[in-house]
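Novice: from the sequence below, what's the structure:
(chains A and B)
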Amino acid sequence: MNLMEKRFLDELRTVVDGRGLISSTEDLHTYECDGLTNFRVMPQAVLLPSNTEQVQAIVRLCHRERVPFVARGSGTGLSGGALPVENGIVISLARMNRILEVDLPNARVIVEPGVINLDVTGRVQPHQYFYAPDPSSQSVCSIGGNVAENSGGAHCLKYGFTTTHVLGLEVVLPDGSLVHLGGKSLDLPGYDLMGVFVGSEGTLGIATKVTLRIVKRPECIRTLLAAFPGTNEAGAAVSDIIAAGMLPAAIEMMDNLAIQAAEAAVHPNYPDCGGLLLVELDGPVAEVEALMRDVDEICRKNGAWEVRLAQTDTERMLVWKGRKAAFAAMGRISPNYIVQDGVIPRTALPQVMSEIARLSEETGLRVANVFHAGDGNLHPLVLYDRRIAGQEQAAESLSYRILELCLEAGGSITGEHGVGEEKKRMMPKMFSEPDLDTMQRVRCAFDPLQLSNPTKVFPTPRLCGEKPGEYVAHPLETSGIAERY
Amino acid sequence: MLKTSTFEENLRVVVGPRNLRAASAGDAVSGALPQFVAEPDDEKQLAAALSLANGAGIAVVPRGGATKLDWGNPPEKAELILSTAQLSRIVEHAWADLTVTVEAGCTLQRLQETLAQHGQRLAFDGLWPKHATIGGVLSTNDSGALRLRFGALRDLIIGVTIALPDGTLASSGGKVVKNVAGYDLPKLVTGAFGTLGVITRAVFRLHPLPRAAKTFSFTAATFQAMQQHIVAIQDSQLAHTSLQIRCAAGELPAADILFEATDSGLAAQESQLRKLLGSTQVELSPESFWGARQNLWDSPTNAALLAKISLLPTDIAKTLDSLNSIGETRKINWHIVLQATGIGMLRLEAEPVLLSEATEQLRREVQSRGGALVVLRCPSELHSFDAWGDAGDSVSLMRAVKHQLDPKNTLNPGRFVGGI
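Specialist: Sure thing, here's the model as predicted:
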């Protein structure tokens, strides 16, 4: 370690207490990747601040020394958002895990970023409230991470995403200064910079306090399970449900491979079928019961050969257990897998699924499909065996090809996992040069020195020194001495 | 290279002579009279016109239906009105996907009529729907009673295309509801009052039209009692769509609640509501009660000040008390329509000097509780009254964003927060 690095580490050490700085190689390995384990970079150090002032002090030092930093929550992200940057440090928010204020009459909760998603619901549950965004990792993922990725979950069809439920942020900007975006009240004057920050994947600064909206639990929740011959029939049922003017709380679809895996892992006792639909309605009892009868009819009309209604909380939890365990369950039927996160318009499901099936056959790699059918978010799980030469590469190629399919169908490369490191290369396929340039201009306003998670999201960084606006010729050009190519 | 040399001549080449005219008195923006009005055919032409103006140092005011053109502070300069009147297409209603792509100059009413053909709607009830355009409602972040259940426009927009002053046409978001690729620029331009770019098209997520709907109303003897009712309803498991309070000087507060459901669902909700409110009389009301917010604007407004107020539900009673007290001591006539979201529309009437002091006082009180009071319209004598109030500690960041996207301050200069 050279003299500058040591001096810098010593300064960082004075900001946090003894346990707040990790610099030994063995310990640093824990932080070299997040949930996307095939990308690994060793950080120079990991800092674990306890409060906003410490975060500011760390960031100020980084700003002074031009050291890049990556904020990290629980490290469960699936796109490499918390992957360390070369020669940079990681700032873990795990110790900032207090729930600061619970304001039930106004349905607001203020938390530190390290608070676990499910713990927010846990705190307000006794009063019949819950925190709506429910990613499958919600028992381990952090609110700060949710803010960075604009996390969704199965119920965002009805309830919206993290950005719908964040009302205010305290943010440490990449120069160490502190700003407050939004607040407890709605529509405070100015630009919706909070709306830009949510989902910016840690590239605009670090959130140190988050004001969340909580929602009253509906009077009743009913979940229906329907077994179809295939995903096309299930998809047609979904379209009919939408056409009937219904907006369920969640609609999930699984194909046969996904069902097999879930059954092997957690035994939810799913019917063995080509396409399984999970439809959840919530609201007042009379309303839900009336609409559920309609859903049942629509499913049968579209070829469902079995329809089950989960009535109790236990039955409901078991139904969801299978769906939520789907990714992890892949381990039962395959040594390795790559999960993708593309989005397609719902109506494009049959053609995309048939193309995925064709590609699967062509490459010889199985693809299990779990699908947030309500909003078109597809999670194809490309199954492979790393021990077989060339399979990992083939699986990666196939997963990117599937994302291209999603774009061709008019969708998106990511519905909830974020771009991070993994999908940077796909950004120019989804957005044009001017689109990406405009986003990067906004980034320059927050982070002109490009220190905050700098290598993520955009494939080619934009120099913030570049003057935005129309081209101004250099005097050498106007005088005719030089030409620009 | 254009042979002509003046801005006007160049602009005529870009948009075509049919689409350019001299401005008249009716085109004034808060007292500032522009020189030209351009109505480009499409978004490419609009972007080119904007770029031309930017290059020539001309100040531009984007305009949709001109219903809210005088909201915000008066512009420092206003030389070109850039109208979206011809950008009015509904590009695609993907009803099976519950999304619609629409150009910025389309009126709210025409959009809703088209969506209704497939039993859908943009779950947003804005002011002046017959004339207000998509670009305008987005830029001003208008919101009404439907916001309680469906969220604000920021929660309904999933994609946007904007023309930047340097001529760039930039898109962000997409055509699918679930999308986290890239920055959420649709949120950035929502409520930005046209100061960062001109919105040329937007993509929205839609909702089904309700099968049936009913409105009920009730009153309370005191502001505190009304607040308790509102908080109790919000804390219940009723699945109401909207909840608003109407009150005026010398009147008891009244509230309206909207249920949208199946017929059996409606019956159950009504019964639950009556049970919750106990001895309070609950009456069935006509749908027209939801026009209360619009009504505040429709009576003659020359002597009136209209403001958007934002507060927490638990500050409703305190705020109504303040209004009442200010009204009595300063002889101000006041009306308020306040949604359970905490967003309200306030109308004050009095002599201009009294209005100015009263508004300042009310703003200070609301701000001290973390809320906001934004003046949308005021008598011409009060044009120097700052529309926005305290904008917090992120104003320099806002200026930095403005500088990145509109470095020459071409768009609506001086109209926004912090002199932006």
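Novice: burial count for residue 391?
Specialist: The chain I'm using is chain A. Residue A:391: 19 surrounding residues under other CB atoms under 10 Å in any protein chain shown. In this view, the C-beta of every residue, glycine as well, is placed from N, C-alpha and C.
Novice: not what I meant, chain B
Specialist: With neighbours defined by other CB under 10 Å, the count for residue B:391 comes to 17.
Novice: residues contacting it?
Specialist: Going by CB atoms under 8 Å, 6 or more residues apart in numbering or on different chains, residue B:391 touches A:188, A:189, A:190, B:398, B:417, B:418.
Novice: can you show me the CA trace of stretch A:114-127 as PDB?
Specialist: Extracted in PDB, the C-alpha atoms of stretch A:114-127 (Å, rounded to 0.1, in the frame of the first residue of the first chain):
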ATOM      1  CA  GLY A 114     -30.200   0.200   6.200                       C
ATOM      2  CA  VAL A 115     -33.600  -0.700   7.400                       C
ATOM      3  CA  ILE A 116     -34.800  -4.000   5.900                       C
ATOM      4  CA  ASN A 117     -37.900  -3.700   3.700                       C
ATOM      5  CA  LEU A 118     -40.000  -6.200   5.500                       C
ATOM      6  CA  ASP A 119     -39.200  -4.700   8.900                       C
ATOM      7  CA  VAL A 120     -41.100  -1.500   7.800                       C
ATOM      8  CA  THR A 121     -44.200  -3.600   7.400                       C
ATOM      9  CA  GLY A 122     -43.400  -5.500  10.600                       C
ATOM     10  CA  ARG A 123     -43.400  -2.200  12.500                       C
ATOM     11  CA  VAL A 124     -46.700  -1.000  11.200                       C
ATOM     12  CA  GLN A 125     -48.500  -4.300  10.900                       C
ATOM     13  CA  PRO A 126     -50.100  -4.300  14.300                       C
ATOM     14  CA  HIS A 127     -52.000  -1.200  13.200                       C
END
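Novice: domain parsing for the chain?
Specialist: You didn't pick a chain, so chain A it is. Domain segmentation of chain A under automatic domain parsing yields A:3-92, A:99-216, A:220-408.
Novice: wrong one, chain B
Specialist: Structural domains annotated on chain B: B:7-85+B:407-419, B:90-208, B:211-389, as defined by automatic domain parsing.
Novice: please name whichever of the ones you listed is nearest to residue A:5.
Specialist: Within the domains of chain B, the stretch nearest residue A:5 is domain B:90-208; the backing value is 32.8 Å (CB to CB).
Novice: okay, now the unreliable bits of the stretch 1-150 of chain A?
Specialist: A:1-4 (pLDDT under 70).
Novice: then the stretch 51-200 of chain B?
Specialist: For the stretch 51-200 of chain B, no range has pLDDT under 70.
Novice: and the residue of it closest to chain A?
Specialist: Minimum separation of the stretch 51-200 of chain B from chain A (CB to the nearest CB) falls at residue B:187, amounting to 2.8 Å.
Novice: burial measure for that residue, as a count.
Specialist: Residue B:187 is flanked by 27 other residues according to other CB under 10 Å.
Novice: which parts of chain B are helices?
Specialist: Secondary structure of chain B (DSSP state H): helices at B:7-15, B:43-55, B:108-116, B:134-140, B:147-150, B:153-156, B:185-189, B:223-235, B:263-277, B:292-298, B:316-330, B:352-368, B:395-405.
Novice: mind listing what's buried along the longest one?
Specialist: Meaning helix B:352-368. B:355, B:356, B:358, B:359, B:362, B:363, B:365, B:366, B:367 (16 or more other CB atoms under 10 Å in any protein chain shown).
Novice: do the same with the third one
Specialist: Applying a neighbour-count criterion of 16+ other CB under 10 Å, one finds B:108, B:110, B:111, B:112, B:115 buried in helix B:108-116.
Novice: quick one: residues in contact with it.
Specialist: Helix B:108-116 has contacts (CB under 8 Å, 6+ apart) with B:88, B:90, B:93, B:95, B:100, B:102, B:121-122, B:124, B:126, B:129-130, B:132-134, B:137, B:206, B:209.
Novice: centre of the chain to it, how far?
Specialist: With CA atoms, centre = their mean, to the nearest Å as the basis, helix B:108-116 stands 18 Å off its chain's centre.
Novice: CA atoms only: put that helix into PDB for me.
Specialist: The C-alpha trace of helix B:108-116 is given here as PDB (Å, rounded to 0.1, in the frame of the first residue of the first chain):
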ATOM      1  CA  LEU B 108     -57.500  16.100 -21.600                       C
ATOM      2  CA  GLN B 109     -61.100  15.800 -22.700                       C
ATOM      3  CA  ARG B 110     -60.300  14.400 -26.200                       C
ATOM      4  CA  LEU B 111     -57.900  11.900 -24.600                       C
ATOM      5  CA  GLN B 112     -60.500  10.700 -22.100                       C
ATOM      6  CA  GLU B 113     -63.200  10.400 -24.800                       C
ATOM      7  CA  THR B 114     -60.900   8.200 -26.900                       C
ATOM      8  CA  LEU B 115     -59.800   6.000 -23.900                       C
ATOM      9  CA  ALA B 116     -63.400   5.600 -22.900                       C
END
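Novice: which of the buried residues of helix B:352-368 lies closest to residue A:386?
Specialist: residue B:367 (59.1 Å).
Novice: state the pLDDT value of residue B:352.
Specialist: Residue B:352 is assigned 88 on the pLDDT scale.
Novice: could I get the contacting residues of it?
Specialist: Residue B:352 touches B:379, B:381, B:382, counting by CB under 8 Å, 6+ apart.
Novice: most neighbours, which of the residues you listed?
Specialist: residue B:379 (18 neighbours).
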